[in-house]
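# What shape does this take:
(one chain, ligands or ions: 2)
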Amino acid sequence: MCKSTFHSFLQELPKCEHHMHLEGSLSPEVLFTLAKRNNITLPQDDPAFQSPETLLARYDRFTSLDDFLHYYYIGMSVLISDSDFEDLAMDYFRHAAADGVAHAEVFFDPQAHLERGVSYNTVLKGFSAARDRAQKEFGITSELICCFLRHLPVPNCVSMFKDADVQASFKNGSVTGIGLDSSEKPFPPALFEDIYAGARELGLRRTAHAGEEGPSTFISDALDILKVERIDHGIRLIEDEALLQRIAKDGTMLSVCPLSNVLLRCVKEVKEVPIRKFLDAGVQFSINSDDPAYFGGYILDNYCAVHEAFDLSVAEWTSICRAGIEGSWCSQARKDEMLARLDDVVRVWAPKLSA
Ligand SMILES: Nc1ncnc2[nH]cnc12
Ligand SMILES: [Zn+2]
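Numbers count the residues shown, from 1 in each chain. Ligands and ions are numbered 1, 2, ... in the order given. Have a look, this model is predicted:
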């Protein structure tokens, strides 16, 4: 936990979260409760599934992205009804409100539910209800980003993209954009070129996970081939100085997830996440939780971990927060509200923190 005055300042900043998988907010406790309620048998041959405590202990020992994903996909198999999805998202929004999130652009993984016979509209109904409640109960605005699972056969992804219910959600605005996630290294961005071209034609916002475990060429391919507007993770950008300069110059935002990078062994410690390098080079980035129930921290824990590792100034935190607001996919009016709130918070806290 960072020093208490700085912690309060970070809590009060009007934060935007751009990289958070709703299915990644399923805690072991809720997972076991839903498994019982929905009659889902958890794997009997893995001692991690003995209890919520043993499962949580296993989360401390992830060895890679794929090791985590194994548990992530088993975990979400307990989600069946629209109210399961609503409860799950509300759990996230409650934490987000406590952490001072003003606006959240959240991912969901429909293919992982369709495969189990849960319809797209069941998932969307639950998540949409939670979004409405989050706005009413906490004043948090949000957008939904529909992700394609890169480990599945491309035709499976294409057929989801073309599905009538999915297309309807794109066209009626209940889903704002598309993303690309799951196992990275064997699945280069180019595989998904047609889907991203189709999304662009529909006027959808576009982002993709790239440069988490995969090479920096996946970041350039996501920009050049998929024409994404944002890069999720992107920490391996530091391996290509010219690309780093290009991203800084173009103002392309990265959604960085420090605790996730440590837990999934992409880096040894938060100090190795290239926060200082990005700040110095003028790369725009936001700080995010990724899968908070699996990685031991919501957004404020990530802000605090970054503060502890890099001892950032009030001015640096203000610029990170401003970049997050400006790089969001909400209306300009909403951005203006958050920018005004940011000014207010900084006006109050700057004298106290620099005293
Ligand atoms: N960190 C991550 N990388 C890729 N896919 C994911 N799905 C959920 N979390 C993810
Ligand atoms: Zn992610």
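
# all contacts plus neighbour counts: C-alpha atoms, from now on.
OK.

# low-scoring stretches of the stretch 51-200 of the chain, by residue?
Across the stretch 51-200 of the chain, nothing is flagged by pLDDT under 70.

# Can you tell me which residues in it are near ligand 1?
For the stretch 51-200 of the chain, the residues in contact with ligand 1 (Cα under 6 Å from any ligand atom) are Asp181, Ser182, Ser183.

# Turn those into JSON lines, columns for distance to Ala48, secondary structure and neighbour count.
Output for these, formatted as JSON lines (distance: Cα to Cα, whole Å; DSSP: H, G, I helix; E, B strand; the rest coil; neighbours: other Cα atoms under 10 Å):
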{"residue": "Asp181", "distance to Ala48": "25", "secondary structure": "strand", "neighbour count": "21"}
{"residue": "Ser182", "distance to Ala48": "22", "secondary structure": "coil", "neighbour count": "20"}
{"residue": "Ser183", "distance to Ala48": "22", "secondary structure": "coil", "neighbour count": "21"}
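
# ok, of those residues, which one's closest to Ala98?
Nearest to Ala98, judged by Cα to Cα, of those is Asp181 at 27.1 Å.

# does the closest one really touch Cys147, like I thought?
Yes. Judged on Cα atoms under 8 Å, Asp181 makes contact with Cys147 at a distance of 6.4 Å.

# For the closest residue to Arg276 other than its chain neighbours, grab the count of nearby residues.
Distance criterion Cα to Cα, 6 or more residues apart in numbering; nearest residue to Arg276, sequence neighbours excluded, is Phe310 at 7.3 Å. By other Cα atoms under 10 Å, 14 other residues sit near Phe310.

# dump the residue contacts of Phe310.
Phe310 makes contact with Lys271, Ile275, Arg276, according to Cα atoms under 8 Å, 6 or more residues apart in numbering.

# so who does Gly139 touch?
Gly139 makes contact with Ala102 under the criterion Cα under 8 Å, 6+ apart.

# cutoff 6 Å now
By Cα atoms under 6 Å, 6 or more residues apart in numbering, the contact set of Gly139 is empty.

# which phi and psi does Asp109 have?
Main-chain dihedrals, Asp109, degrees, to the nearest 10: phi -120, psi 70.

# of all of the stretch 151-300 of the chain, which residue lies closest to ligand 1?
The stretch 151-300 of the chain approaches ligand 1 most closely through Ser182 (3.3 Å), counting by Cα to the nearest ligand atom.

# May I see the buried residues of the longest helix seen in the chain?
Longest helix in the chain by number of residues (criterion: DSSP state H): helix 332-354. Judged by neighbour count (16 or more other Cα atoms under 10 Å), helix 332-354 contains these buried residues: Arg334, Lys335, Met338, Leu339, Arg341, Leu342, Val345, Val346, Trp349.

# element containing Ile325, please.
Using DSSP states H and E, Ile325 maps to helix 314-326.

# Run a quick neighbour tally on the residue nearest to Asp291 when sequence neighbours are not counted.
Once flanking residues are discounted, Asp291 sits nearest to Gly24: 4.0 Å by Cα to Cα, 6+ apart. By the criterion of other Cα under 10 Å, Gly24 has 23 neighbours.

# I figured Gly24 hits Phe295, correct?
No. Using Cα atoms under 6 Å, Gly24 is not in contact with Phe295, being 8.9 Å away.

# before we move on, back to that, tell me the buried residues in the helix holding Ile325?
In helix 314-326, counting by 16+ other Cα under 10 Å, buried: Val314, Trp317, Thr318, Ser319, Ile320, Cys321, Arg322, Ala323, Gly324, Ile325, Glu326.
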